[in-house]
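**Q** Build me a model from this:
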Amino acid sequence: MPHTKRRPTKAIFPVAGLGTRFLPATKSIPKEIMTLIDRPLIQYAIDEAREAGIEEFIFVTSRGKSALEDYFDEAPHLKAELEHKGKDDLLKVLEKTNMASGAIAYIRQTQPKGLGHAVWCARRLLGDEPFAVILPDDIIQAETGCLKQMVEAYEGIGGNMVAAMEVPPSKASAYGILDVAEDMGRVVSVKAMVEKPAPGTQPSNLAVIGRYILAPAVMDALDGASTGAGGEIQLTDAIAAQIGSGGVYGYRFDGQRYDCGSKAGFLQATIAFGLERPDLRDELAAFLSEIVPARDAAE
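**A** You can find the predicted model right below:
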């Protein structure tokens, strides 16, 4: 099968999860619209996708996600109020949250069968072209968005590409891990992928995180796929099936990844992004410089 090198213009956002680690907040609020500083997690993912040239946005949702759908709709009453009060800066902020009619599609995942199944649910909207997958839980702080970095590398390689980062051996069992055939610096070619390897069996320290550029053949592999690790349909397995044909590559991105699917990761991201903001950094840094020594002294 020839390596496709077309730039992806469609992205899938799997957002069907219940967010149980954030209960009780997620009892009524989708996790994806919980705010990191003053933007919902999903807005960070959308902004990154737009920067990378994505034009069509496919959300794989589930029951109880109507607030997520409403977030990207127009808010005429709020807009009119801001216009009346002359709050032009806030109007510009509001405009960035709006999506053009037809740019977003919503697909329901009616059964929680895993990430691979969620991606497969969007198959009819993709056509015969490469597509991106973005997991909104993975927030990446970077000067150039992670997906844009990947798109630029992908145009010269094709096949399938996954974002990769180094993890300590003690944490490898929580990730999909790459077995590297050739290390070319930023890009590595992959000879195998192992989903959540048993401790001590990982083939490398390169873990797959939530950014992918995938060839259409991945959908063929997901079609009728059997369950894998955890009793779910694993996206990693479908990507690994492309190693002998379309090719699979890992991309070491520039940036810091935060797992906002965990409470600790969400707090870390809040501090990191807060310290990056000119309007927040001084006050936040001063608070941290006071509270950390005080906590250490108390211990």
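
**Q** any idea what Tyr251 is structurally, helix, strand or coil?
**A** Three-state assignment for Tyr251 (DSSP: H, G, I helix; E, B strand; the rest coil): strand.

**Q** again, but for Asp73
**A** coil.

**Q** what pLDDT does it get?
**A** The score at Asp73 is 77. That number is its pLDDT.

**Q** Determine the number of other residues adjacent to it.
**A** Look at Asp73: counted by other Cβ atoms under 10 Å, it has 12 neighbours. For glycine as for every other residue, the C-beta is placed from the backbone atoms N, C-alpha and C.

**Q** Spit out the contact partners of it.
**A** By Cβ atoms under 8 Å, 6 or more residues apart in numbering, Asp73 lies in contact with Asn98.

**Q** now swap in Leu288 and tell me
**A** By Cβ under 8 Å, 6+ apart, Leu288 lies in contact with Ile271.

**Q** buried set for whichever strand or helix holds Val180?
**A** Per DSSP states H and E: Val180 is located in strand 176-183. In terms of neighbour count (16 or more other Cβ atoms under 10 Å), strand 176-183 has its buried residues at 176-180.

**Q** Nearest to Phe13, out of these: which one, please.
**A** Gly176 (18.8 Å; Cβ to Cβ).

**Q** Bridging across strands, which residues link to Ala11?
**A** On the basis of DSSP bridges, Ala11 takes part in beta bridges with Phe57, Ala132.

**Q** burial of it, as a residue count?
**A** 27.

**Q** Quick one, grab the pLDDT at it.
**A** With respect to pLDDT, Ala11 scores 96.

**Q** right, and it touches Leu135 too?
**A** No: using Cβ atoms under 8 Å, Ala11 makes no contact with Leu135, being 10.9 Å away.

**Q** follow-up on the earlier one: what's the helix or strand that comes right after the strand holding Val180 in contact with?
**A** Counting by DSSP H and E, the next helix or strand C-terminal to strand 176-183 is strand 187-195. With contacts defined as Cβ under 8 Å, 6+ apart, strand 187-195 is touched by 153, 157, 162, 164, 176-182, 201-203, 206, 208, 228-229, 234, 236-237, 239-240, 243, 247-252.
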